[in-house]
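[1] Fold the following for me, if possible:
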Amino acid sequence: MCLTISRMIQTLDLGGLIMAERSPLMSMALLFAPTVCVVALRFGLPNIEELLVEDIIAQVVIHSSAIILGIIMYLKYRVVEDHEYHRSSAIKGLSKMYKMEDKGLWGRGDAALERLEAQAQIKPKGRSGSRIQQRMSGRISDLNKEGNEIELDSEDTRMNVDVQVEGIASDLQIDSTDSEVSEKQTSSLSSSAETSAKRRLAKELARREKNAAKLERKEKKQAAKQAKAALKAEKAAARAAAKAEKIASKKSAKSSNQTNWDIEEGNQWSSTKPSTKDRSVISCKECGAVNNSGTAYCTGCGAFL
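    You can find the predicted model right below:
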């Protein structure tokens, strides 16, 4: 890490020297070059000058573009984009990650090593502790080595403890462990059977309750459908009765109208009223013109009526 930091410092120093070698006159020339070109074109071509004089917005746009282009050229010239520049920028971007690794990862590794060393220094107690100490003090080949044969009487107390050959216990311990294991197995089996029976019973009760609720909802829906169908049938019967009554009233009105019409027509043709026009009109004897009864002279020939 120290080597990386030293390389980064050397790169930054090298970048500063390269930046110092850039010519300030060249930078200023690049900055003002587009503006000088625009001014030269305006004074060199009278037509362009006349157009720009008449349009102020075009002048502002052209000169602003020239200034922006000069600034871009100046910045591009001042930036050093060589291999060392890119390398130093990459190291700057990774420096934060390096610091985080130094604070977290390696610190955790040291803490883990310290914990392991502390656990190794703790001496275990009891029979297992003496056994572990014996194994740690010996060699690896001693782990697979058989112990010396010892003849023991049946009344010897050492028959109830572990024999020299590891992994083999006495008959008494084996019987006790077998009985304990069988008791544990039976108790575990009975408890598991009881829990499974309770679980099945709970599932069956839940299933029956669910089916009963579903059946009740189905019956309610069926009753609602039947009530709705009966209401629809009543409405349809009422509409049909109203329609039939309306048709019957229309037929009766039509028949009465036809009867009245026949009576009026018979009265019209049976008796003809005397016309009053014949009595109020007088024909002229000279010319035959028709005149009102109140006139004394004919309107056609002027003769006396």
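[2] for residue 301, phi and psi?
    Main-chain torsions, residue 301, degrees, to the nearest 10: phi -110, psi -20.
[3] Please report how far residue 203 lies from residue 197.
    Distance, residue 203 to residue 197, by Cβ to Cβ, to the nearest Å: 11 Å. For glycine as for every other residue, the C-beta is placed from the backbone atoms N, C-alpha and C.
[4] now the helices for this structure?
    2-20, 24-44, 46-54, 56-78, 83-121, 126-137, 171-270, 276-280 (DSSP state H).
[5] Mean neighbour count, mean pLDDT and distance to residue 295 added to those helices, as CSV?
    Compiled in CSV, the helices of the chain are given as follows (neighbours: other Cβ atoms under 10 Å; pLDDT from 0 to 100; distance: least, Cβ to Cβ, whole Å):
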stretch, mean neighbour count, mean pLDDT, distance to residue 295
helix 2-20, 12, 42, 137
helix 24-44, 14, 90, 114
helix 46-54, 12, 86, 101
helix 56-78, 14, 91, 101
helix 83-121, 11, 75, 132
helix 126-137, 10, 74, 163
helix 171-270, 10, 75, 33
helix 276-280, 8, 53, 11
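[6] hmm, who's touching stretch 65-76?
    Contact with stretch 65-76 is made by 27-28, 30-35, 37-38, as judged by Cβ atoms under 8 Å, 6 or more residues apart in numbering.
[7] switch the cut-off to 10 Å
    Stretch 65-76 has contacts (Cβ atoms under 10 Å, 6 or more residues apart in numbering) with 26-39.
[8] Could you dump the helices of the chain into CSV and include distance to residue 149?
    Formatted as CSV, these follow (distance: least, Cβ to Cβ, whole Å):
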stretch, distance to residue 149
helix 2-20, 63
helix 24-44, 98
helix 46-54, 119
helix 56-78, 92
helix 83-121, 35
helix 126-137, 19
helix 171-270, 19
helix 276-280, 169
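[9] Of the ones you listed, give the one that comes closest to residue 287.
    Minimum separation from residue 287 across the helices of the chain (Cβ to Cβ) falls at helix 276-280, 19.3 Å.
[10] Tabulate the contacts of stretch 65-76 in a markdown table, adding columns for distance to residue 282.
    Listed next are the contacts of stretch 65-76 as a markdown table, based on distance: Cβ to Cβ, whole Å:
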| residue | distance to residue 282 |
| --- | --- |
| 26 | 137 |
| 27 | 134 |
| 28 | 134 |
| 29 | 133 |
| 30 | 131 |
| 31 | 129 |
| 32 | 128 |
| 33 | 128 |
| 34 | 123 |
| 35 | 123 |
| 36 | 127 |
| 37 | 123 |
| 38 | 119 |
| 39 | 122 |
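[11] Would you quantify the distance from residue 237 to residue 210?
    Counting by Cβ to Cβ, the gap from residue 237 to residue 210 is 41 Å.
[12] ok, back up a step: quick one: which of the contacts of stretch 65-76 is nearest residue 112?
    Nearest member of the contacts of stretch 65-76 to residue 112, counting by Cβ to Cβ, is residue 27, at 55.7 Å.
[13] hang on, the earlier thing: which one of the contacts of stretch 65-76 sits closest to residue 120?
    residue 27 (66.6 Å).
[14] ok, the closest one - contacts?
    73-75, 77-78.
[15] Fine, thanks again, bye for now.
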